[in-house]
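In: below are the sequence and a predicted model; questions follow.
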2 protein chains.
Amino acid sequence: MEKDEESFQVTPWKVEGKVDFDRLVELFGTSRIDPPLLARLSKLLGGDLPPALRRGIYYSHRDLPWVLDEYTKGNPFFLYTGRGPSGDVHLGHLLPFELCSFIQQRLGVDLWVQITDDERFLFKRELTLQDTHRLGLENLYDLLAPGFDPRRVHVLFDTRSIRALYPIALEVARRVTFSTARAVFGFSPENNIGSIFYTALQSAPAFLPSRKEGRPIPCLIPCGIDQDPHFRITRDVADPLGYPKPALLHNLLIPGLQGTGKMSSSSDAREGAIYLNDGPKDVQRKLSHAFTGGRATVAEQRKLGAVPEICSIWALWRTQFAEKDAEFDEITRTCRSGELLCGECKGRLIPRVQKFLEQHQERREQVKSWVESTIVEA
Amino acid sequence: MEKDEESFQVTPWKVEGKVDFDRLVELFGTSRIDPPLLARLSKLLGGDLPPALRRGIYYSHRDLPWVLDEYTKGNPFFLYTGRGPSGDVHLGHLLPFELCSFIQQRLGVDLWVQITDDERFLFKRELTLQDTHRLGLENLYDLLAPGFDPRRVHVLFDTRSIRALYPIALEVARRVTFSTARAVFGFSPENNIGSIFYTALQSAPAFLPSRKEGRPIPCLIPCGIDQDPHFRITRDVADPLGYPKPALLHNLLIPGLQGTGKMSSSSDAREGAIYLNDGPKDVQRKLSHAFTGGRATVAEQRKLGAVPEICSIWALWRTQFAEKDAEFDEITRTCRSGELLCGECKGRLIPRVQKFLEQHQERREQVKSWVESTIVEA
């Protein structure tokens, strides 16, 4: 748990207040992604980077240069990311998978996906294991829709893959005390013993390929910065266990459409995010009502301009809906100058998001035929 | 953890001081096994009970009458017991398995055995998972040697059977807080997070058959009284999870040959117990040097008699080496009167134990052919 007394709190289970992502880099002790590192990434990945990298949505890392060094030396990394299935998947959840898809297409590396149905069960009393299992499978269809090589995807579905994960989780767990878990996650003695143990399960995939192959294989984890606390533990225990420390690539959290926190998947906040199963009318309604950086009146906005940095619509353009930089820059410039009004801006974005979701939903159907074959059960 | 400030402490991981087993019944809140209950058991089991039941080694229980009621009504129980494999098996470890063998032979009920290789790994830093796995398999050969119907034995070898156990362990874990685990086991914040979670795994087998069958199946757990804290948690969560509370049958702990604590399997105490892989010379040496209830001199012993209750040799006669009550009573009487001296008594016991081990070791070899088929891996 990292808490700034005045304003915000970020843990894997709670994001509250107006998050200062720059301050988080200091609090968590991670490194900024700077232009030279981006240039290096671009060279390695063979050309243009995706918008989320070019535009600072992936903004922080741990040991990324080391992973690139190893790759260059002929020791390729694998990708590891995941999801706790407690509801439907929204655009924010898709970010790490989109990046993984891009990297896999360029470099041909393996992707390991963890579906933490156990974790959601332990932290959400209203869910049964049947619920989290069902949601996990539904979520997987969405998360793998960005496009992957099925032969290079390995899904660790916690309750189904536990036999592969458990021995590594035990190794991790033996080296993590309750004191440490309390300090990192803010647990209290009233936390249940499953929730306290769980972080060991989230470490396990980072080490599994090395254990299987019997040699150190670098791991790169693209994830929301809110997941960093888990992987600090992973990195702390890696050395003594004889595994390489996983590297991390952190995205900042996409703001909710209602202007606060991160896009949330809890059911009462359905209006706060674009879900991947939203229909065209949902998109129309949600984006029309979305919080922006606009002014109280048209006149004021024409005069003062709007503020893209606080706008949930601008955040969507930024992720990928303005694929070309020329368009994105133009939107940003005219927003700031007062030329572009919020209604018009929303009107331009809505069909883009609708089209994206339509295409996504088609890709999602195609995933169903191969997803079972990627689930590790041995 | 139950601790009597002045004298002793009993937890699943530590038995210290001179244990007052009567006091333990009060501290733990269990029930004594009394003559009417023994008579009922004897009737159900069809005749003579084994010495460990007749002579109060099984001395305490929880809900035993309920399990017998259910059996009589046509709802048979299953047996569940286990072992944490950290070293070789000694005579004390065999007690619950001997009782299970007897009950299975009389009633044809199923036996579920848990081998907690994970737990030993989490609590013994000097052991690897390879060690605890290897020891678990070696231990199983011993523990199943008393005689079982292989079709009615189901071994839950934690790291191999985790897929069957884990969903139930999650259900349990969600209902147990760190506060509770701390109160029951005496954990501190410096305990590792695996050790804190582990008790959920030990509860799981008590519920697994009910879960598989989709109806409440009574469970009877014969075990050392030091394991009772785990099953208090199991019993506490049973109701809310919709499973029947398991019943327990507790044996007191066989005293070490050096006169303190329980027979221990830690390596530096190898002389303190008869291990099932001891050879005739080991038996000769260990029993010759064993602590007894004798007096400082022969003259004194002839005059005052000896004290069987504190004698490690008498404890062995009591378990099973004096199968017939007539012999056991004669040994007890002549010990107390001073007629029987310790050297003579030991001389009588040594060949009995040697013969038992010889026969055990033959039976153990026979187990090897079928044990793998009993391990649950689905």
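Out: Received, thanks. Residues are numbered from 1 along each chain as shown, chains lettered A, B, ... in the order given.
In: I figured A:Trp370 hits A:Pro150, correct?
Out: Yes. At 4.3 Å, A:Trp370 counts as touching A:Pro150 under the criterion of Cβ atoms under 8 Å. In this view, the C-beta of every residue, glycine as well, is placed from N, C-alpha and C.
In: let's see the distance spanning stretch A:174-192 from one end to the other.
Out: Using Cα to Cα, to the nearest Å, one end of stretch A:174-192 lies 18 Å from the other.
In: got the buried residues for that stretch?
Out: Within stretch A:174-192, the residues that qualify as buried are A:174-178, A:180-182, A:184-187, A:191-192, counting by 16 or more other Cβ atoms under 10 Å in any protein chain shown.
In: point out the residues in chain A that sit beside chain B.
Out: Contacts of chain A with chain B, taken as Cβ under 8 Å from any Cβ of the partner chain, map to A:118, A:121-122, A:125, A:129, A:159-160, A:162-163, A:166-167, A:169-171, A:173-179, A:181-182, A:187-197, A:199-200.
In: ok now stretch A:216-227, how far from the chain's centre?
Out: 10 Å (Cα atoms, centre = their mean, to the nearest Å).
In: end-to-end on that stretch?
Out: End-to-end span of stretch A:216-227 (Cα to Cα): 23 Å.
In: next: stretch A:24-35.
Out: End to end - Cα to Cα - stretch A:24-35 spans 20 Å.
In: quick one: residues in contact with that stretch.
Out: Residues from elsewhere that reach stretch A:24-35 (Cβ atoms under 8 Å, 6 or more residues apart in numbering or on different chains): A:2, A:4, A:10, A:53, A:56, A:58-62, A:64, A:225, A:228-229, A:232, A:248-250.
In: for the buried residues of stretch A:174-192, which one is nearest A:Gly84?
Out: Distance to A:Gly84, by Cβ to Cβ, is smallest for A:Phe185 among these, at 14.0 Å.
In: per-residue confidence at A:Gly17?
Out: For A:Gly17, the model assigns a pLDDT of 80.
In: excluding chain neighbours, what is closest to it?
Out: Leaving aside its chain neighbours, A:Gly17 sits nearest to A:Phe8 (3.3 Å; criterion: Cβ to Cβ, 6 or more residues apart in numbering or on different chains).
In: neighbours of the one you found, how many?
Out: By other Cβ atoms under 10 Å in any protein chain shown, the residues close to A:Phe8 number 18.
In: that one and A:Val19 touch, don't they?
Out: Yes. Between A:Phe8 and A:Val19 there is a contact under Cβ under 8 Å: 4.7 Å.
In: which stretches of the stretch 1-150 of chain A form strands?
Out: Applying DSSP state E, counting those that start in this stretch to the stretch 1-150 of chain A gives strands spanning A:2-3, A:9-11, A:14-16, A:31-32, A:58-62, A:78-83, A:111-115.
In: of all those, which one is nearest A:Ala315?
Out: Among the strands of the stretch 1-150 of chain A, strand A:58-62 comes nearest to A:Ala315, with 13.2 Å by Cβ to Cβ.
In: which parts of the strand or helix carrying A:Pro209 are buried?
Out: Taking DSSP states H and E as the criterion, A:Pro209 maps to helix A:193-213. Buried residues in helix A:193-213, defined by neighbour count with 16+ other Cβ under 10 Å: A:193-211.
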